[in-house]
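Engineer: The following comprises the amino acid sequence and a computationally predicted model.
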Amino acid sequence: MQKAKQIYSYDELPVIMDITLAALLLGYDEEYLTKMARQKKFPAFQPFDKGGGWRIHKEDLLSWLQEKREKVKNIA
């Protein structure tokens, strides 16, 4: 079994990642992110030529995280 590569900075992330990596980075279950993507609550997409797996641009992931942070900040 191959050991997963450690990611230490934002620059090391691939420009487009699969939902498995996004779930690992965020600490969410992959199925939960998939459900959110289907409900348009998570900015992932399904390319037609990649077998239907969900993908996300790293810029979209960062924007989504910033939106969530702002919502929490406004509640507090």
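Structural biologist: Perfect, I can see it now. These numbers come from a predicted model, not from an experiment.

Engineer: Pull up the distance across stretch 8-22, start to finish.
Structural biologist: One end of stretch 8-22 to the other measures 14 Å (Cα to Cα, to the nearest Å).

Engineer: How about residues contacting the worst-scoring helix or strand of the chain on mean pLDDT?
Structural biologist: Across the helices and strands of the chain, mean confidence by mean pLDDT, DSSP states H and E is lowest for helix 58-75: a mean of 91. By Cβ atoms under 8 Å, 6 or more residues apart in numbering, the residues outside helix 58-75 that reach it are 10, 13-17, 22, 25-26, 42-43. From N, CA and C alone the C-beta is placed, and that goes for glycine too.

Engineer: Include neighbour count, distance to N74 and pLDDT when you put the residues you listed into JSON lines, please.
Structural biologist: Converted to JSON lines, the contacts of helix 58-75 look like this (neighbours: other Cβ atoms under 10 Å; distance: Cβ to Cβ, whole Å; pLDDT from 0 to 100):
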{"residue": "Y10", "neighbour count": "9", "distance to N74": "24", "pLDDT": "86"}
{"residue": "L13", "neighbour count": "16", "distance to N74": "27", "pLDDT": "92"}
{"residue": "P14", "neighbour count": "11", "distance to N74": "31", "pLDDT": "93"}
{"residue": "V15", "neighbour count": "7", "distance to N74": "30", "pLDDT": "96"}
{"residue": "I16", "neighbour count": "15", "distance to N74": "30", "pLDDT": "95"}
{"residue": "M17", "neighbour count": "19", "distance to N74": "28", "pLDDT": "95"}
{"residue": "A22", "neighbour count": "24", "distance to N74": "24", "pLDDT": "95"}
{"residue": "L25", "neighbour count": "14", "distance to N74": "24", "pLDDT": "92"}
{"residue": "L26", "neighbour count": "15", "distance to N74": "21", "pLDDT": "93"}
{"residue": "F42", "neighbour count": "21", "distance to N74": "20", "pLDDT": "97"}
{"residue": "P43", "neighbour count": "16", "distance to N74": "20", "pLDDT": "96"}
